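Novice: okay, here's the prediction I keep looking at, along with the sequence it came from:
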Amino acid sequence: MSEKLIPNGFCVLPWVSQFRDNDGVTAPCCLYRAQEAGALKLSDLKQAMLKGEWSPGCKDCQSFESRGGSSYRLQRNQQYPLECQQILDGKAQGLIDLDLRVGNLCNLRCKMCGPSSTRKWVQNWNELHPKEYGFSENALKGFLVNPWSRDPSQWDDLWQRSQNLKTLNFAGGEPFLSPEVEVFLQRFIDSGQAAQISLHFITNLTVLPESLLTKFSSFQQTSLTVSLDGAWELNDYIRSLSDFEVIAKHLHVLDQRFHELKLDRISVNTTFQAYNVLGIQALVDFLKQFKNILPLPYLNPLTDPDYFSAKVLPSDLRSLGAERLEKIATESVHAPEWLRSSFQQSIQFLREESPAHERLLGVLLKETLKLEKASGPSLKQVAPELYMALYLS
Ligand code: SF4
């Protein structure tokens, strides 16, 4: 039987996957913009996709592809070629891919995060952030309610629908802090299904429970994405309350036990922003010591909150940042293409002029001092070059 051509805008995820956010709200994937899709039902979304029409909720994939990039849609269609053909042939599909954000329980308070990602931001949020980014008292209280992941019946429901699962993704909050994740994994181990399932975690790696590690080898494979926004003090400055020495120790454990734990990939994800625009080289140098950890971070340019974006920096600083990224990418010819291309996208991001962002430089400078006063250290200590350029030029 000949393969059917995949229509433009078609994505396998609405048929085979479910994304569940920290607040329990579900969507076809983590990028799907439910607000922009409005009242569009899942069945309407599928019909539109079969006709080759882009949904307004899939704007991120559409704009990524229009710039020549490999979107999440293309990557996931490639992961599930058989299912794509079966859908185009009209065959029913069940759930094979779960992507779970297990709530806003996290031990960090990253500068660019908010209370929906970590409840450590609930206290003092309004005091430390611009008024237009504030929350009502009720909304703040809502962030302290137990997340969906604390309700055993929610896991029972997921378990009932997970009998043909192939991929299980966890993020948070911090999934390595969640006892419920371990209990859920144990169910797959006890039922014998684990060997058919690939696991993936996005973690801050500030904790590394042995009870979780020992479960990995029962699964087909496990990949880890570690969130790091710089090396040493710069990481701890951006990712407040973290301790890079502890994270480095955990990376060494994973590097040494890579094969024993049946790890498939360990990569680093960096939220590329104003604070680390000049500091990526130090992170790349740090990663060089490992055998089994990918040598370049994946750079993910921050867009929200907009005043922390690298785009708010003056053009001479952005040019210097772009030159440094160019040098790293040129020297890293053996790194995987998807990592090098994240550098190219970030270079393009830095070079695009954005007057709306440039007007926010004053907000960045003010916020930086306000946040440092509430809990140090200072930018002057951790990124003196950037500090001098921003405050003393
Ligand atoms: S096209 Fe993109 S945004 Fe839409 S469901 Fe697929 S992966 Fe998600």
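Specialist: Okay, I see it. Numbers count the residues shown, from 1 in each chain.
Novice: tell me how far the closest residue to the ligand within the stretch 151-300 of the chain lies from Ile202.
Specialist: For the stretch 151-300 of the chain, the residue positioned closest to the ligand under CB to the nearest ligand atom is Asn169, at a distance of 12.9 Å. (Each C-beta comes from the backbone N, C-alpha and C, glycine too.) For Asn169, the distance to Ile202 (CB to CB, to the nearest Å) stands at 8 Å.
Novice: equivalent analysis for Pro130, please.
Specialist: Between Pro130 and Ile202 the distance is 28 Å, computed by CB to CB.
Novice: who's more crowded, the two?
Specialist: Set Pro130 next to Ile202 and count neighbours by other CB atoms under 10 Å: Ile202 wins out with 19 against 14.
Novice: identify the bridge partners of that one.
Specialist: For Ile202, the beta-bridge assignment (DSSP bridges) gives partners Thr225.
Novice: in a helix, Ile266, correct?
Specialist: No - if the criterion is DSSP: H, G, I helix; E, B strand; the rest coil, then Ile266 is strand and not within a helix.
Novice: that one: how many residues sit nearby?
Specialist: Other residues within reach of Ile266, judged by other CB under 10 Å, total 19.
Novice: now swap in Glu3 and tell me
Specialist: The burial count for Glu3: 9, using other CB under 10 Å.
Novice: relative to Phe10, how far out is the closest residue to it other than its chain neighbours?
Specialist: Once its chain neighbours are removed from consideration, Glu3 has its nearest residue in Gln85; the separation is 6.1 Å (CB to CB, 6 or more residues apart in numbering). Counting by CB to CB, the gap from Gln85 to Phe10 is 11 Å.
Novice: between these two, which has more neighbouring residues?
Specialist: Using other CB under 10 Å, the more surrounded residue of Gln85 and Phe10 is Phe10, with 22 against 16.
Novice: give me the pLDDT value at that one.
Specialist: At Phe10 the predicted local confidence, pLDDT, stands at 97.
Novice: helix or strand for it, which one?
Specialist: When elements are defined using DSSP states H and E, Phe10 is found to belong to no helix and no strand.
Novice: contact partners for it?
Specialist: Phe10 sits next to Met49, Leu50, Gly52, Asn77, Cys84, Leu88 when contact means CB atoms under 8 Å, 6 or more residues apart in numbering.
Novice: the second one and Pro7 touch, don't they?
Specialist: Spelled out, it's Leu50. Yes - under the criterion of CB atoms under 8 Å, Leu50 is in contact with Pro7, at a separation of 6.6 Å.
Novice: do a quick rundown of the helices in the stretch 151-300 of the chain.
Specialist: Per DSSP state H, counting those that start in this stretch, the stretch 151-300 of the chain has helices spanning 152-160, 179-191, 210-216, 232-238, 244-256, 280-287. These are given in chain order.
Novice: contacts for the third one next, please.
Specialist: If I follow you right, that is helix 210-216. For helix 210-216, the surrounding residues in contact (CB under 8 Å, 6+ apart) are 176, 181-182, 185-186, 189, 194, 199, 222, 257, 261-263.
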